[in-house]
Structure formats: C-alpha cells, structure tokens
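Student: got a structure for you, letters missing:
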C-alpha cells in the first residue's frame with residue numbers, strides 16, 4: 001500500500017517502522033513475529049541491500065519466531081513475486097545473516113509465484129521453493 005494508505009486504510013504492521021513500534025508497545029519474550037521477509041522486502045527502496053539489516057534488527061532482539069522465506073524482484077511500489085533464486089534478495093546472504101543472529105527456527109515459503117498455463121503450478125512451485133531452501137541449508141552447513 002502507499003505510505004499514506006489506500007481508501008482510508010493504513011497498514012500499520014506493513015512497514016519495518018510499524019513492526020518495530022508494535023513490538024515496543026509491550027516487551028515480552030513471547031511477543032515476536034512470523035517474519036515475512038518478502039513482505040518486508042516489498043517495503044524497502046533497495047531490498048537487496050536493506051533487508052539484511054532488517055533481519056539483524058529483529059533477530060538480535062529475538063523477535064523472529066519463524067520466517068516466510070520469499071523473494072521479490074524490484075522494490076517498494078514496483079515489485080513482483082518471483083522464485084527464491086530470481087529475486088532482488090540474495091538468499092545465500094540472507095541465510096548467512098539468519099545464522100549470524102543465531103536464528104534456528106523454520107525457513108518456509110510464504111506462497112509461490114503463479115505460472116500461467118501450468119496445471120497444478122502451485123504445488124510444483126511450492127515443491128521447488130522447499131527444495132531450494134533445503135538445498136541452501138544443506139550447502140551452508142557443509143561450507144561451515
């Protein structure tokens with residue numbers, strides 16, 4: 001949504017600053033996020049550079065409870081959802097940052113991009129995303 005909202009509706013929790021404010025209202029170890037990396041990337045001017053500091057901010061405060069590991073191509077107000085290996089965010093680097101902050105929870109697809117004209121594309125695309133994420137995790141473990 002545009003920063004000024006749409007038809008009188010604001011997405012308070014749709015921005016990095018909004019999420020920071022939300023988490024600051026009542027501090028608790030039980031107060032955290034289903035951290036949607038794709039949604040947060042959609043709100044950044046340069047997600048390929050900025051998302052890593054966003055992950056660090058929430059992660060170093062132990063506020064990431066699980067991760068929707070999804071990618072986009074583009075930036076705020078001009079983006080499209082893409083497969084994990086096609087986007088503006090380097091998933092190899094993102095995985096390194098999650099490890100750096102000590103995140104040991106789930107990395108899962110949020111939803112997969114649609115492919116027009118492909119029967120049962122949603123299932124195939126989820127399978128690809130799960131396999132890609134699993135391959136990243138395995139390769140990162142072997143590189144350590």
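Tutor: Yep, it's here. Everything numeric here is computed off the predicted structure, so don't read it as measured data.

Student: ok, residues contacting the helix or strand containing residue 140?
Tutor: Assigned by DSSP states H and E, residue 140 falls within helix 121-143. With contacts defined as C-beta atoms under 8 Å, 6 or more residues apart in numbering, helix 121-143 is touched by 69-70, 83-85, 91-92, 95-96, 99, 107-109, 112-115, 118. In this view, the C-beta of every residue, glycine as well, is placed from N, C-alpha and C.

Student: Now, these that are in strands?
Tutor: For the contacts of helix 121-143, membership in strands holds for 107-108, with DSSP state E as the criterion.

Student: Of the contacts of helix 121-143, which qualify as buried by neighbour count?
Tutor: 69-70, 83-84, 91, 95, 107, 109, 112-113 (16 or more other C-beta atoms under 10 Å).

Student: burial of the residue nearest to residue 16 when sequence neighbours are not counted, as a residue count?
Tutor: Leaving aside its chain neighbours, residue 16 sits nearest to residue 54 (5.6 Å; criterion: C-beta to C-beta, 6 or more residues apart in numbering). By other C-beta atoms under 10 Å, 20 other residues sit near residue 54.

Student: now residue 43
Tutor: Count around residue 43 with other C-beta under 10 Å applied: 23.

Student: I figured it hits residue 14, correct?
Tutor: Yes: between residue 43 and residue 14 there is a contact under C-beta atoms under 8 Å: 6.5 Å.
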